[in-house]
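> whatever this is, show me its structure:
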Amino acid sequence: MRQRRFLPSVKLLMALDAVVRHRSITAAAEELSLTQSTVSRLILTLEEQLGKDLFTRERRRLIPNAAAISYQRDVARALDMIQRASMSVVTNPDGGTLSLAILPTFATRWLGPRLSGFLNAHPGVAVNMSTRIGRFDFGGEVFDAAIYYGQQNWPEARSMKLFDETVTACVSPGFAASHRLQNLEDLTGVPTLHLESRPSVWADWFEGQGGSAAGTNGMMMDQFSMMIQAAISGLGIALLPDYLARIEISEGRLVPVLRQAVPVRGAYWLVWPAQKDDHAPLVSFRNWLSVAAQPESPS
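Coordinates of the predicted model:
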């Protein structure tokens, strides 16, 4: 049996969440479409139900104490989970839902074009995707799984390798026409484009070409979409995952430099918390993805 004292109503919890986030009763009231006095009463009711002061009152201000700040973090996660569950009931009442954290460019350029194959095979499953670049704690998020790039070192998570990374150096046709790029020595002094999350990839590429990196310098970016556009604009050489490079090359926006599809450190992984092992939508997605990620897969 759950103790009702420790299960405040959603209205009370939403008031707490809004006041702590905004540090303002006025802003919280605007967000919740309530009066300031109503928000104040909701906070007081919550404190009385818990038997714990959560705010210091100074004139007409509510200042959250350490307990309130900690409580709000947990409440916010719980409200997110309730919202996602409610949306799932409305949008997909007959099937399960898979909440997936995914790299932004991988989502749009690799998974997106293939995802219809999964949805057609599993019409009862809804897939919700949110972009994440770095690792996070599954215990503090509402995701069932994540797709990320790197090594097999996501703490306290199970994993399935999708494929190793290979990269291709690319430039715009105009850049290629105005620069001699026939061997590694020709790249000396030529601007290179870098991704924040992959500091060693240029060294790996040079090694894969049979040489060593010397004086690579240029713009730093945080997403491949920005790097692709910079290369198309003639700002330098982009080092792209081959699944991206093939698209840009085939459509004539970029041209390759030297050897293509050079292996580098790192791979793409699907990871999930152990308690989600038997989550039916995730099991179906894992099985489909293990085939879709194979070379020359028709998916």
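> helix, strand or coil for the closest residue to residue 80 other than its chain neighbours?
What sits nearest to residue 80 in space, not counting adjacent residues and going by CB to CB, 6 or more residues apart in numbering, is residue 142, at 5.3 Å. Where you see a C-beta, it was placed from the backbone N, CA and C, and this is true even at glycine. Assigned by DSSP: H, G, I helix; E, B strand; the rest coil, the conformation of residue 142 is coil.
> ok, residue 268 next?
Once three-state DSSP is applied, residue 268 turns out strand.
> next up, the contacts around it.
106, 147, 148, 149, 161, 162, 163, 165, 293 (CB atoms under 8 Å, 6 or more residues apart in numbering).
> and which of these is nearest residue 16?
residue 148 (32.7 Å; CB to CB).
> which strand or helix spans the closest one?
Taking DSSP states H and E as the criterion, residue 148 maps to strand 145-150.
> between the contacts of residue 268, which is nearest residue 260?
Using CB to CB, the contacts of residue 268 come closest to residue 260 at residue 165, 13.3 Å.
> the closest one against residue 149, yeah?
Yes. Contact criterion CB atoms under 8 Å: residue 165 and residue 149 qualify, at 6.9 Å.
> show me the shaky parts of the stretch 151-299 of the chain.
Residues of the stretch 151-299 of the chain that meet the criterion pLDDT under 70 lie in 213-216, 296-299.
> can you pull the contacts of residue 12?
42, 43, 45, 46, 49.
> apart from its chain neighbours, what residue comes closest to the residue nearest in space to the middle of the chain?
The residue lying closest to the centre of the chain (CA atoms, centre = their mean) is residue 132, at 1.6 Å. Once flanking residues are discounted, residue 132 sits nearest to residue 101: 4.2 Å by CB to CB, 6+ apart.
> gap between the one you found and residue 135?
Noted for residue 101: a distance of 10 Å to residue 135, by CB to CB, to the nearest Å.
> domain assignment for the protein?
Following automatic domain parsing, the chain resolves into domains at 4-90, 94-163+268-292, 165-264.
> ok, and for stretch 98-110, which residues are buried?
For stretch 98-110, burial by neighbour count (16 or more other CB atoms under 10 Å) applies to 98, 99, 100, 101, 102, 103, 104, 105, 106, 107, 109, 110.
> pretty sure the residue nearest to residue 80 is touching residue 82, no?
No. Using CB under 8 Å, residue 142 makes no contact with residue 82, being 9.7 Å away.
> quick one: which of these two has more around it?
residue 142 (17 against 13; other CB atoms under 10 Å).
> how about the contacts made by that one?
Going by CB under 8 Å, 6+ apart, residue 142 touches 77, 80, 81, 84, 99.
> which stretch of helix or strand covers residue 265?
Residue 265 belongs to strand 255-272, assigned by DSSP H and E.
> quickly run through the sheet partners of that strand, with directions.
Partners of strand 255-272 in the sheet, by DSSP bridges, are strand 145-150 (antiparallel), strand 158-171 (antiparallel).
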